[in-house]
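# Sequence plus predicted model, see below.
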Amino acid sequence: MASNALSEIVLFVAVLLIAGLVVSVLMVSSYKISLNLEKKGNSLAEKLSQDFIIANDPNSIPRDPTLGITTLYIKNTGKDPIIMSTSTFTVVIDGNIVQITGVSPDNQYLYPGQVGIINVSYNTSGWHRIRVVSDVGITIEIIGYIT
């Protein structure tokens, strides 16, 4: 009779230990998930707060054929300022990265609602797929006619 009680106590303790291990594994897993969710949320909040659009008329994107410069207008539609520099943006036209020759305002902030200028070295008229990528990963694309 004592052996039955002893075996039941041993099984009870074993079940408690296994349950404790399962609970600790679940706690660690949920903690890691919550940390990753927080990181993703912060990244998304940063992207949303630094949003922009390409403000050019898609039917008439200006180009200076003598200098070989195409001008893109960027409007800050986010809540935070965007630093305007040649390293802040990447411009891709028809799948090719093009050189940014200048931005305006240069090395200054583009505040919400303001429009800035990105000049790129591209001298081919016609319909093109233009993509502007910011340093925080925001990608805006239009199909426009470069005059």
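Here it is on my side, so go on. As the structure is a prediction and not an experimental result, all values here were calculated from the model.
# how long is stretch 117-129 from one end to the other?
End-to-end distance of stretch 117-129: 18 Å, with C-alpha to C-alpha, to the nearest Å as the criterion.
# can you tell me which residues contact residue 26?
Neighbour list for residue 26: empty [criterion: C-beta atoms under 8 Å, 6 or more residues apart in numbering]. All C-beta atoms are positioned from the backbone trio N, CA, C, and that covers glycine.
# tell me which element it falls in.
In the assignment (DSSP states H and E), residue 26 maps to helix 2-49.
# Average pLDDT for that helix, rounded please.
Per-residue pLDDT over helix 2-49 has a mean of 84.
# for stretch 77-92, same thing?
93.
# Next: stretch 132-139.
With pLDDT averaged residue by residue, stretch 132-139 scores 91.
# Residue 31: neighbour count?
10 (other C-beta atoms under 10 Å).
# Roughly how far does it sit from residue 39?
Residue 31 sits 13 Å away from residue 39, taking C-beta to C-beta, to the nearest Å as the criterion.
# okay, residue 128: pLDDT?
Listed pLDDT for residue 128 reads 97.
# Which residues does it form beta bridges with?
residue 144 (DSSP bridges).
# I'd guessed it sits against residue 96; true?
No: judged on C-beta atoms under 8 Å, residue 128 makes no contact with residue 96 at a distance of 10.0 Å.
# between those two, which one's more packed in?
Neighbours per residue, other C-beta under 10 Å: of residue 128 and residue 96, the larger number sits with residue 128, 17 against 8.
# could you list every residue that touches that one?
Residues in contact with residue 128 (C-beta under 8 Å, 6+ apart) are 93, 94, 143, 144, 145, 146.
# I'd assumed residue 130 was in contact with the third one.
Yes: counting by C-beta under 8 Å, residue 143 does reach residue 130; the two are 7.5 Å apart.
# The protein - how does it break down into domains?
As assigned by automatic domain parsing, the chain contains the domains 1-49, 52-146.
# just these: most buried one?
Comparing the domains of the chain on average neighbours per residue, with mean count of other C-beta atoms under 10 Å, the densest one is domain 52-146 at a mean of 16.
# Which member of the contacts of residue 128 is positioned nearest residue 56?
Minimum distance to residue 56 across the contacts of residue 128 is 6.0 Å, recorded for residue 144 (C-beta to C-beta).
# The closest one and residue 63 touch, don't they?
No: taking contact to mean C-beta under 8 Å, the distance of 10.8 Å between residue 144 and residue 63 leaves them out of contact.
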